[in-house]
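**Q** Output the structure for:
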Amino acid sequence: MASAAQPKAASVLGKSRRITIKVGSSLLARPTDERRQWLASLASDLAALRDDNRQIVIVSSGAVALGREILGLRSSSRLDHKQAAAAVGQPLLMAAWREAFADVPTAQLLLTIGDTEARRRWLNARATLTALLDRGVIPIVNENDSVATEELRYGDNDRLSARVAQMVTSDLLILLSDVDGIYDADPVKTPGARRFECIEAIDEKLRSCATGKSSSGLGSGGMTTKIEAAAIAQASGCATIICSGRGDHPVRDVAEGRVGATLITARQSARGAYKSWIAGSLAPNGALVVDDGAAAALRTGKSLLPSGVRSVTGEFDGGACVLVKTEAGENVGQGLIRYSAVEARTIAGKRASDIEAALGYTRGDELIHRDDLVVRND
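**A** As a prediction, this is how the structure comes out:
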């Protein structure tokens with residue numbers, strides 16, 4: 001249980017500027033009028049955060065559950081039936097969110113596991129999400145169930161939400177569930193089971209507290225997947241709140257301390273974790289040699305533009321980790337490059353405005369964006 005010195009869910013929510021929130025199938029598969037009222041209350045909570053200059057990403061389940069109703073496939077577990085239900089249910093799901101948010105702009109993104117594991121696709125998805133957030137749009141993400149295979153799909157949106165939170169460097173991941181947190185025993189079977197208010201370390205003892213699948217039977221996750229999602233988020237510098245979403249205004253209630261929840265703290269900032277991953281976990285696949293002006297600009301926090309690049313060594317795809325060096329051989333840093341080696345050689349030394357003419361397309365003005373670059377301090 002949390003001590004007086006440990007943070008509370010409400011305080012962490014109050015300080016978080018970029019928030020990813022996951023909404024499970026069991027919360028959306030309700031009678032139409034009840035679902036509409038509940039979604040409107042949640043959208044009101046999130047719109048209020050947005051108006052407070054927070055950035056919100058939603059990872060929403062529910063397409064399969066809604067599509068099954070239309071197709072009469074509620075009891076079928078066949079993959080092709082699930083995919084057909086997802087295809088029917090996805091526009092219904094987005095229509096429900098669109099109605100709930102009224103005048104707040106939203107966008108739909110369908111992702112597969114490959115989009116979060118292949119680095120080039122990861123960077124593309126991240127750039128899209130960032131562009132939407134910077135323009136005040138609330139992205140609504142779901143797994144692309146209509147095309148994902150059984151071997152490659154996430155199978156639950158808890159872990160997908162953690163990967164999305166990692167992708168956009170969220171400060172906080174909120175997992176709305178049909179239970180109000182993690183308990184030391186199954187609260188349904190064990191009267192007096194205690195809810196953890198704050199967890200700092202995810203270990204095997206905590207994992208043993210997981211109680212299996214959602215009590216509703218509608219979702220494909222459970223407390224086990226929520227704990228694993230929290231572990232992914234924690235390693236990415238993102239805190240996690242697991243709380244009940246059954247009542248109206250579930251996020252507002254957490255923010256005001258009206259309901260119980262479990263907070264899993266972050267080990268460091270999301271930005272710090274991301275930079276540490278680039279600096280310490282990735283082997284460079286090539287190098288860019290830059291002029292002294294570009295090197296000086298990078299050391300002041302600027303992005304690397306093609307105009308400052310003198311040469312490119314190695315063979316790599318877009319999204320690869322590359323070193324950045326001066327013409328004298330000094331190591332400036334390393335980062336994730338948006339362009340392949342072939343593309344980088346084509347545009348090296350050119351102005352950003354000339355990229356599209358040189359390649360026939362553009363992946364952005366920067367070869368390496370400052371957010372994807374770690375600069376050496378020595």
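**Q** now do the same end-to-end measure for stretch 247-265.
**A** Stretch 247-265 has an end-to-end distance of 24 Å (CA to CA, to the nearest Å).
**Q** swap in stretch 162-177?
**A** Between the opening and closing residues of stretch 162-177 lies a distance of 15 Å (CA to CA).
**Q** With G364 as the reference, measure out to P284.
**A** From P284 across to G364, the span is 21 Å (CB to CB, to the nearest Å). (Each C-beta comes from the backbone N, C-alpha and C, glycine too.)
**Q** list the contacts for the residue nearest to the spatial centre of the chain?
**A** The C-alpha lying nearest the average C-alpha coordinate of the chain belongs to V164 (CA atoms, centre = their mean; 1.5 Å). Contact criterion CB atoms under 8 Å, 6 or more residues apart in numbering gives 20, 57, 59, 111, 116, 129, 141, 170 as the residues in contact with V164.
**Q** Farthest from the middle of this structure: give me that residue.
**A** Residue farthest from the centre of the chain, counting by CA atoms, centre = their mean, is A328 at 39.4 Å.
**Q** For the lowest-mean-pLDDT helix or strand in the chain, which helices and strands make contact with it?
**A** Considering only helices and strands, the least confidently modelled element of the chain by mean pLDDT, DSSP states H and E is helix 113-117, at a mean of 74. Judged by 3 or more CB pairs under 8 Å, 6 or more residues apart in numbering; DSSP states H and E, helix 113-117 is in contact with helix 119-134, helix 157-167.
**Q** Run through the neighbouring helices and strands of the first one.
**A** The one in question is helix 119-134. Short answer (3+ CB pairs under 8 Å, 6+ apart): helix 119-134 packs on strand 55-60, strand 106-111, helix 113-117, strand 138-143, helix 157-167.
**Q** Give me the next element, helix or strand, following the longest one.
**A** I take that to be helix 157-167. Scanning forward in sequence from helix 157-167 by DSSP states H and E, the next helix or strand is strand 172-177.
**Q** Now do the buried residues in the lengthiest helix in the chain.
**A** As assigned by DSSP state H, the longest helix anywhere in the chain is helix 79-101. Neighbour-count burial for helix 79-101 flags 81-90, 92-94, 96-98, 100-101 (criterion: 16 or more other CB atoms under 10 Å).
**Q** Rounded mean pLDDT for stretch 289-307, please.
**A** This predicted structure assigns stretch 289-307 an average pLDDT of 96.
**Q** contact partners of that stretch?
**A** Outside stretch 289-307, the residues touching it (CB under 8 Å, 6+ apart) are 288, 308-313, 324-327, 330, 332-333, 335, 344, 347-352, 355, 365-370, 373, 375.
**Q** just stretch 48-61 next, same as before
**A** Contacting residues not belonging to stretch 48-61 are listed as 16-25, 28, 46, 93, 97, 104, 129, 133, 136, 138-142, 157, 160-161, 164-165, 168, 170, 219, 251-252 [CB under 8 Å, 6+ apart].
**Q** What are the buried residues along it?
**A** Within stretch 48-61, judged by 16+ other CB under 10 Å, the buried ones are 49-50, 54-61.
**Q** Check the separation of the first and last residues in it.
**A** Across its full length, stretch 48-61 reaches 22 Å between end residues, using CA to CA.
**Q** how about the strands in the stretch 251-378 of the chain?
**A** Listed in chain order, the strands of the stretch 251-378 of the chain (DSSP state E, counting those that start in this stretch) span residues 261-264, 287-290, 309-313, 321-326, 331-336, 373-375.
**Q** As JSON lines, the ones you listed with distance to A231 would be great.
**A** As requested, the strands of the stretch 251-378 of the chain are exported to JSON lines (distance: least, CB to CB, whole Å):
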{"stretch": "strand 261-264", "distance to A231": "8"}
{"stretch": "strand 287-290", "distance to A231": "34"}
{"stretch": "strand 309-313", "distance to A231": "37"}
{"stretch": "strand 321-326", "distance to A231": "24"}
{"stretch": "strand 331-336", "distance to A231": "23"}
{"stretch": "strand 373-375", "distance to A231": "24"}
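**Q** Switch those over to CSV; also include mean neighbour count.
**A** CSV is the format used below for the strands of the stretch 251-378 of the chain (neighbours: other CB atoms under 10 Å):
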stretch, mean neighbour count
strand 261-264, 28
strand 287-290, 22
strand 309-313, 18
strand 321-326, 22
strand 331-336, 22
strand 373-375, 21
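**Q** Minimum distance to D203: which of those has it?
**A** Within the strands of the stretch 251-378 of the chain, the stretch nearest D203 is strand 261-264; the backing value is 11.8 Å (CB to CB).
**Q** chain center to that closest one, what's the gap?
**A** For strand 261-264, the separation from the chain centroid amounts to 18 Å (computed by CA atoms, centre = their mean, to the nearest Å).
**Q** name the helices or strands packed onto that strand?
**A** So strand 261-264, by 3+ CB pairs under 8 Å, 6+ apart, packs with helix 9-15, strand 198-199, helix 223-235, strand 239-244.
**Q** Give me whichever of these is most buried.
**A** strand 239-244 (a mean of 25; mean count of other CB atoms under 10 Å).
**Q** Extract the CA atoms of it and return them as PDB.
**A** Provided in PDB are the C-alpha atoms of strand 239-244 (Å, rounded to 0.1, in the frame of the first residue of the first chain):
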ATOM      1  CA  ALA A 239       3.700   6.000 -15.200                       C
ATOM      2  CA  THR A 240       0.500   3.900 -15.300                       C
ATOM      3  CA  ILE A 241      -2.800   4.300 -13.600                       C
ATOM      4  CA  ILE A 242      -5.200   1.300 -13.500                       C
ATOM      5  CA  CYS A 243      -8.700   2.200 -12.500                       C
ATOM      6  CA  SER A 244     -12.300   1.400 -13.000                       C
END
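**Q** pLDDT of that strand, averaged?
**A** Per-residue scores along strand 239-244 average to 96.
**Q** measure G257 to R54 for me?
**A** Distance from G257 to R54, counting by CB to CB: 18 Å.
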